[in-house]
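Engineer: Dropping the sequence and predicted coords here.
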Amino acid sequence: MLILLIFSVVVASYRATTAAAQRCRQKITLTYQARSLLEKISRQLRTVYMPPVSAAALPSSSTALPATGAALLSAAASESTASPVPFRTGPDADGILLRMITTTGLFHDPLNPDGPFVVAYRFDPARQILYYAQQRYRLDSPDPTDKLNWVPLAEHLERIEITCLKEKQWTSAWNPDTRDNPVPPAVRLDVSFREYENASAQFSTVAYLNAYD
């Protein structure tokens, strides 16, 4: 009888330890996945590509331009006077939460390693999957999100919220129609992942766009 009691205690202790270890492993995995996801999106936000402008629209001195945008704008000055919207947040009817033109791609393109790229993020709440799409930016097709190929980027994602700083307030929609304020000065990213036994783990970060340096 005593042996059975000792055996039961050992088994119960082993099960509890195994469950705790499993929860710990999953928390570590989800934390790494969340931090990696936030850092990838933040890096793209920090290297957002400003749309081309005409040479006449440029100031006489490049010192008046943002340090990170001067070279890009000068190089693009003679290409086009078009003003594609380089940055939008949603969600829209297709579930696209964020689309932008950035010089940082998540997938290596040997023909265009330094970009710029058109990138977009789409969230499927039913499947709890975040999808990502990327292709080379072209002046004649600045926002071809209807032709993008979507690939899964993050799973077990319960929620993702993207808000932009506008006049000292956070707003969920950013779709400028003028060149005066094409991108927000900062973007906040909030995500929630499903943990072990359906618990939620929440993570957030704020990315400051270099266009305002």
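Structural biologist: Arrived safely, thanks for sending. No experiment lies behind these values; they were computed from the predicted model shown.
Engineer: So which helix or strand of the protein has the lowest pLDDT on average?
Structural biologist: For the chain, the helix or strand with the lowest mean confidence is helix 70-76, at a mean of 41 (criterion: mean pLDDT, DSSP states H and E).
Engineer: Please list all residues in contact with the residue lying closest to Ser204 once chain neighbours are set aside.
Structural biologist: Nearest residue to Ser204, sequence neighbours excluded (C-beta to C-beta, 6 or more residues apart in numbering): Asp190, at 4.5 Å. In this view, the C-beta of every residue, glycine as well, is placed from N, C-alpha and C. Asp190 makes contact with 159-163, 202-204 under the criterion C-beta atoms under 8 Å, 6 or more residues apart in numbering.
Engineer: Which parts of this protein are helices?
Structural biologist: Secondary structure of the chain by DSSP state H: the helices cover 2-46, 70-76.
Engineer: Tell me where the model's unsure across this structure.
Structural biologist: 2, 4-5, 7-24, 26-27, 51-85, 140-146, 176-181, 196-198, 211-213 (pLDDT under 70).
Engineer: can you give me the strands for the protein?
Structural biologist: With strands called from DSSP state E, the chain shows them at 87-89, 96-102, 117-124, 129-136, 151-154, 157-166, 169-171, 186-194, 200-208.
Engineer: Give me the contact list for the second one.
Structural biologist: Think strand 96-102. 41, 44-45, 47-49, 51, 84, 86-91, 115-123, 137, 142-143, 145, 160, 162, 183.
Engineer: Buried among those residues? Make that a ChimeraX selection.
Structural biologist: Selecting only the buried entries of the contacts of strand 96-102 in ChimeraX, with 16 or more other C-beta atoms under 10 Å as the criterion:
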select :41,44,45,47,48,49,51,84,86,87,88,89,90,91,115,116,117,118,119,120,121,122,123,137,142,145,160,162,183
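Engineer: Leaving aside the residues adjacent along the chain, what's closest to Glu161?
Structural biologist: Asp190 (4.4 Å).
Engineer: isn't Asp109 right up against Arg136?
Structural biologist: Yes - using C-beta atoms under 8 Å, Asp109 makes contact with Arg136 at a distance of 6.6 Å.
Engineer: Now do the shared contacts for the two.
Structural biologist: 115, 117.
Engineer: What separation do you get for the residue nearest to Glu161 and Asn175?
Structural biologist: Separation of Asp190 from Asn175 (C-beta to C-beta, to the nearest Å) stands at 20 Å.
Engineer: now swap in Glu155 and tell me
Structural biologist: Relative to Asn175, and taking C-beta to C-beta, Glu155 is found at 29 Å.
Engineer: repeat for Tyr32
Structural biologist: With distances taken as C-beta to C-beta, Tyr32 is found 33 Å from Asn175.
Engineer: do the same with Val119
Structural biologist: From Val119 to Asn175 the distance is 16 Å (C-beta to C-beta).
Engineer: How about Arg35?
Structural biologist: 29 Å.
Engineer: still on that earlier bit, out of the contacts of Asp190, flag the one nearest to Tyr131.
Structural biologist: Ile160 (11.2 Å; C-beta to C-beta).
Engineer: Now that closest one: closest residue in space, sequence neighbours ignored.
Structural biologist: Leaving aside its chain neighbours, Ile160 sits nearest to Val191 (4.9 Å; criterion: C-beta to C-beta, 6+ apart).
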